[in-house]
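Novice: Following is a predicted model, sequence given first.
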Amino acid sequence: MLGTSLVAILTAAFLLPGLVAVYFFYRAGQTAEADPVLPSMGSPEGLVQFGCFAIGVHLLYVTGLWLVSSDHPCIPLPLADPYSVLRSGSPGLDSREEQFAVFAGLVLLNLTAAGFGILTGEIVRGAGKLSIFYGPLTDLLRHARGPEAFITAYVLTRTEQHGYTLGYEGIVTSLVRDSKKLPAVVVLKDVTPFRIKASSRAARREPAGRPIENLILRGEDWQNIAFRVYRIE
């Protein structure tokens, strides 16, 4: 029978393709400003996604093994079998052939997972199901795709003085989102500070100091944040 430690190692190794596939799946939704947000493994949604991708990758690889390993293979090419150690029931990786089959197979299995994740991500993106990647910011990040577009943020901070509220306007260079895909950290360049005073009739905006080259703001720094996409014609 397999040793306990070997079972734990193999379990982690065979679950890894699910993580790899999910990572590359969400990379399809990356933009110049926003990195992908992966689901947490501690959430039901995350467990379902990692599990489904792991099953899909293993099914695809087993199908490939069947195509190349039968008595009359459809594709007469070598393909390392990482599942041989599970079938053998040996307490370890005793022979060099078994060691090569397992470790080379795991490498190929994770390469398959990367390709599977990329392919499914591109299919979802091509089908226009961008909310999977962007959540509440779908419209914003969809319109901001491409080198000719950029996002401007208008941040109203929690700093107040003499009835005025301090704010910043700048071009978004990085937008970090939380697990709910909402803005958590925003990095701005070419920042213009301003102060604004709201009344029952209107809001008055005034300059508030020199321009700032770069500025990082976290969610707890602002009371409101707005975005607008501009395109260079």
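Specialist: Great, that's in hand. Numbers count the residues shown, from 1 in each chain.

Novice: ok, V22 - how many residues close by?
Specialist: 25 (other C-beta atoms under 10 Å). (C-beta placed from N, C-alpha, C; glycine too.)

Novice: does it sit in a helix or strand, and which one?
Specialist: Element membership of V22, judged by DSSP states H and E, is helix 4-27.

Novice: so how far is that helix from its chain's centroid?
Specialist: 16 Å (C-alpha atoms, centre = their mean, to the nearest Å).

Novice: Quick one: name whatever helix or strand follows the helix or strand of the chain with the lowest mean pLDDT.
Specialist: Here the helix or strand of the chain ranked lowest by mean pLDDT, DSSP states H and E is helix 84-88, holding a mean of 60. Sequence-wise, the next helix or strand downstream of helix 84-88 (DSSP H and E) is helix 96-126.

Novice: Quickly list the domain ranges of this structure.
Specialist: In the domain annotation for the chain, the residue ranges read 4-136, 146-231 (automatic domain parsing).

Novice: lowest-confidence stretch among the ones you listed?
Specialist: Lowest mean pLDDT within those: domain 4-136, at a mean of 79.

Novice: tell me the contacts of V57?
Specialist: Going by C-beta atoms under 8 Å, 6 or more residues apart in numbering, V57 touches 17-18, 20-21, 109, 112-113, 116.

Novice: how far away is the residue positioned nearest the centre of the chain from A127?
Specialist: Against the mean C-alpha coordinate of the chain, by C-alpha atoms, centre = their mean, the closest residue is P36 at 2.8 Å. Separation of P36 from A127 (C-beta to C-beta, to the nearest Å): 17 Å.

Novice: and what of A114?
Specialist: Taking C-beta to C-beta, one finds A114 at 21 Å from A127.

Novice: Looking at these two, which one has more neighbours?
Specialist: Between A114 and A127, A114 has the larger neighbour count (other C-beta under 10 Å), namely 17 against 9.

Novice: burial of the nearest residue to that one once chain neighbours are set aside, as a residue count?
Specialist: Nearest residue to A114, sequence neighbours excluded (C-beta to C-beta, 6 or more residues apart in numbering): F24, at 4.9 Å. When neighbours are counted by other C-beta under 10 Å, F24 registers 20.

Novice: ditto for the one 4 residues further on
Specialist: Taking other C-beta under 10 Å as the criterion, the count of residues near A28 is 20.

Novice: give me phi/psi at it?
Specialist: With angles defined as degrees, to the nearest 10, A28 sits at phi -60, psi -20.

Novice: which residues sit in contact with the residue nearest to it when sequence neighbours are not counted?
Specialist: Residue nearest to A28 in three dimensions, not counting chain neighbours: G121, with 2.8 Å by C-beta to C-beta, 6+ apart. Residues near G121 by C-beta under 8 Å, 6+ apart: 24-29.

Novice: C-alpha coordinates for the strand of greatest length in the chain, PDB please?
Specialist: Of all the elements of type strand in the chain, the one with the most residues (DSSP state E) is strand 183-198. Coordinates of each C-alpha in strand 183-198 appear next as PDB, following Å, rounded to 0.1, in the frame of the first residue of the first chain:
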ATOM      1  CA  PRO A 183     -11.800  48.300  -6.000                       C
ATOM      2  CA  ALA A 184      -9.500  47.800  -3.000                       C
ATOM      3  CA  VAL A 185      -6.400  49.800  -4.000                       C
ATOM      4  CA  VAL A 186      -6.000  52.200  -6.900                       C
ATOM      5  CA  VAL A 187      -2.600  53.600  -8.200                       C
ATOM      6  CA  LEU A 188      -2.800  56.900 -10.100                       C
ATOM      7  CA  LYS A 189      -0.400  58.900 -12.200                       C
ATOM      8  CA  ASP A 190      -0.500  62.600 -13.300                       C
ATOM      9  CA  VAL A 191      -2.700  63.300 -10.300                       C
ATOM     10  CA  THR A 192      -4.500  66.600  -9.800                       C
ATOM     11  CA  PRO A 193      -5.500  67.300  -6.200                       C
ATOM     12  CA  PHE A 194      -8.800  69.200  -5.700                       C
ATOM     13  CA  ARG A 195     -11.200  70.100  -3.000                       C
ATOM     14  CA  ILE A 196     -14.900  70.200  -3.300                       C
ATOM     15  CA  LYS A 197     -17.700  71.700  -1.300                       C
ATOM     16  CA  ALA A 198     -21.200  70.500  -1.700                       C
END
